[in-house]
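Colleague: heads up, no residue letters with this:
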């Protein structure tokens, strides 16, 4: 029965929930999340099965409350918890922020008075963590608790290794195949506390889909003898700049970021391949870039202190050669995807995606479809379709390598 329960939880991971991490440390579960509203005050209570430490801070732009715990799991998906009408809290989300840390983020209508405290357990009930959020009274300043120094900016996540400081990045020319083994970085969009888009019918979430597909594509490409690395190999948050640095530190020959979008109009459908540009090629491309670039803010990260070095990485593509090769990669991907998927556009589109802004690595972003569209959500939940799409994505990479790197 225990093994069956774990298997069920892992199946749920494919539709956007979290599969437990099998570590030696025992997992503490959040048994329930209760929310109440009285006299403008929103109170959120987490009922825990055991005592856990927590720390919290506020972020001003946009206003958010961030609560960090040791690795914990939620019996109930946080983003499905209903908020009271009129609450100052507009959204809740939680997930792995880095190894050993679970982060909960509260989006607020405005900067607020905030109190976060723990209540020890007793013989009648278990321990609780209480989060109170209330609009300030006239003349009253909102609560300002700065982030601890060590979490002001993110630290790069290296799959299978402890997080470490970023090494200096030196731009280089696009590396041809005869210069050494070809290295491909597959970037599974979103993750951890940032779920990305979620469908409304099957409840498939982007972070689970992209990780599943990245591992599938990796499997196909490894069989062809390529070195294939994942920017994240589990359900953990990775900052946009850290994904770029990871590819650069590993001397990647190309970078493919996988995503699945959502749109207010449920009739909108079709896969799309994007390249980076400061000017978006259409309104949808601009909307999508704005949405994807908010990933760091969604995860409760303050990016206002980014260093000049990081800003330069995020702002400019330094080499025309890189743009040319990104175009070749995009066109190769479109030719292969067109064999198995409906495409919104059969030419690459352009937008200012931060995750594509390595100045020395050909990079594309693939939107595999719209989870807001009923048919595409069904397709992207179907194992047979996923495998066909993964093979097409791998074939697109291979076509580019055969044509332009050999």
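Modeller: Perfect, thanks for sending it. Bear in mind that the values here come from a model prediction, so they are computed numbers and not experimental data. Numbers count the residues shown, from 1 in each chain.
Colleague: my read: residue 107 touches residue 66, true?
Modeller: No: Residue 107 is not in contact with residue 66 according to C-beta atoms under 8 Å; the separation is 10.6 Å. All C-beta atoms are positioned from the backbone trio N, CA, C, and that covers glycine.
Colleague: give me phi/psi at residue 385?
Modeller: Phi and psi for residue 385, reported as degrees, to the nearest 10, are phi -70, psi -40.
Colleague: still on that earlier bit, for residue 107 and residue 66, indicate the residue with more neighbours.
Modeller: Remark: of residue 107 and residue 66, residue 66 carries more neighbours, 23 against 17, as counted by other C-beta atoms under 10 Å.
Colleague: packing partners for the helix or strand containing the more buried one?
Modeller: Assigned by DSSP states H and E, residue 66 falls within strand 64-70. Packing contacts for strand 64-70, counted by 3 or more C-beta pairs under 8 Å, 6 or more residues apart in numbering; DSSP states H and E, involve strand 55-59, strand 101-108, strand 113-119, strand 128-134.
Colleague: partner strands of that strand, parallel or antiparallel?
Modeller: Next to strand 64-70 in the sheet, as set by DSSP bridges, lie strand 55-59 (antiparallel), strand 101-108 (antiparallel).
Colleague: so which residues make contact with the longest one?
Modeller: Read that as strand 101-108. Strand 101-108 has contacts (C-beta atoms under 8 Å, 6 or more residues apart in numbering) with 44, 62-73, 78, 88-97, 131, 133, 192-193, 237, 298-300.
Colleague: tell me the buried residues within these.
Modeller: For the contacts of strand 101-108, a neighbour count by 16 or more other C-beta atoms under 10 Å gives the buried set as 44, 63-69, 71-73, 78, 88-89, 92-97, 131, 133, 192-193, 237, 298-300.
Colleague: can you show me the helices along the stretch 1-150 of the chain?
Modeller: Taking DSSP state H, counting those that start in this stretch as the criterion, the stretch 1-150 of the chain contains helices spanning 2-13.
Colleague: show me where pLDDT drops low in this structure?
Modeller: Scanning the chain for pLDDT under 70 picks out 1-26, 150-180, 277-321, 351-359.
Colleague: farthest residue from the center of it?
Modeller: Most distant residue from the mean C-alpha position of the chain: residue 123, 39.9 Å away (C-alpha atoms, centre = their mean).
Colleague: tell me how far it lies from residue 140.
Modeller: Per C-beta to C-beta, to the nearest Å, residue 123 is found 39 Å from residue 140.
Colleague: quick one: contacts for residue 265?
Modeller: With C-beta under 8 Å, 6+ apart, residue 265 has these contacts: residue 372.
Colleague: state whether it is indeed within a helix.
Modeller: No: per DSSP: H, G, I helix; E, B strand; the rest coil, residue 265 lies outside any helix segment and is coil.
Colleague: for residue 204, see how far away it is.
Modeller: Counting by C-beta to C-beta, the gap from residue 265 to residue 204 is 19 Å.
Colleague: just give the closest residue to the most centrally placed residue in the chain, not the sequence neighbours.
Modeller: In the chain, the residue lying closest to the centroid (C-alpha atoms, centre = their mean) is residue 190, at 1.1 Å. The spatial neighbour of residue 190 that comes closest, neighbours along the chain excluded (C-beta to C-beta, 6 or more residues apart in numbering), is residue 196 at 3.4 Å.
Colleague: dihedrals phi and psi, that neighbour?
Modeller: phi 70, psi -160.
Colleague: please apply the same query to the one 10 residues further on.
Modeller: Recorded main-chain torsions at residue 206 are phi -60, psi -40, according to degrees, to the nearest 10.
Colleague: okay, now the closest residue in space to it that isn't next to it in sequence: neighbour count?
Modeller: Among residues not flanking residue 206 along the chain, residue 196 sits closest, at 2.9 Å (C-beta to C-beta, 6+ apart). Residue 196 is flanked by 24 other residues according to other C-beta under 10 Å.
Colleague: cool, and residue 253?
Modeller: 27.
Colleague: correct me if wrong: it contacts residue 183.
Modeller: Yes: the pair residue 253 and residue 183 qualifies as a contact (C-beta under 8 Å) at a distance of 5.4 Å.
Colleague: what residues are shared contacts of those two?
Modeller: With contacts taken as C-beta under 8 Å, 6+ apart, not a single residue reaches both residue 253 and residue 183.
Colleague: contacting residues around the closest residue in space to residue 342 that isn't next to it in sequence?
Modeller: Of all residues not flanking residue 342 in the chain, residue 270 sits nearest, at 5.1 Å (C-beta to C-beta, 6+ apart). Counting by C-beta under 8 Å, 6+ apart, residue 270 makes contact with 341-345, 369-370.
Colleague: taking these, please make a PyMOL selection of just the buried ones.
Modeller: Buried residues among these (16+ other C-beta under 10 Å), as a PyMOL selection:
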select buried, resi 341+344+345+369+370
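Colleague: how about CSV for the contacts of residue 270, with secondary structure added?
Modeller: Putting those into CSV (three-state DSSP) gives the following:
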residue, secondary structure
341, coil
342, coil
343, strand
344, coil
345, coil
369, strand
370, strand
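Colleague: ok, the contacts of residue 270 vs residue 112, which is closest?
Modeller: Set against residue 112, the nearest of these by C-beta to C-beta is residue 370 (34.1 Å).
Colleague: output the contacting helices and strands for the strand or helix carrying residue 247.
Modeller: For residue 247, the element it lies in under DSSP H and E is helix 240-249. Contacts defined by 3+ C-beta pairs under 8 Å, 6+ apart place helix 240-249 against strand 183-188, strand 254-261, helix 308-315.
Colleague: got the angle for the second one vs helix 240-249?
Modeller: So that's strand 254-261. Computed by axes from the mean of the first three to the mean of the last three C-alpha atoms, to 10 degrees, the angle separating strand 254-261 from helix 240-249 equals 150 degrees.
Colleague: helix or strand next in line after strand 254-261, which one?
Modeller: Following strand 254-261 in sequence order, the next helix or strand is strand 272-276 (DSSP H and E).
Colleague: just the last one next, same as before
Modeller: Using DSSP H and E, the helix or strand that follows helix 308-315 towards the C-terminus is helix 320-337.
Colleague: I appreciate the help and will end here.
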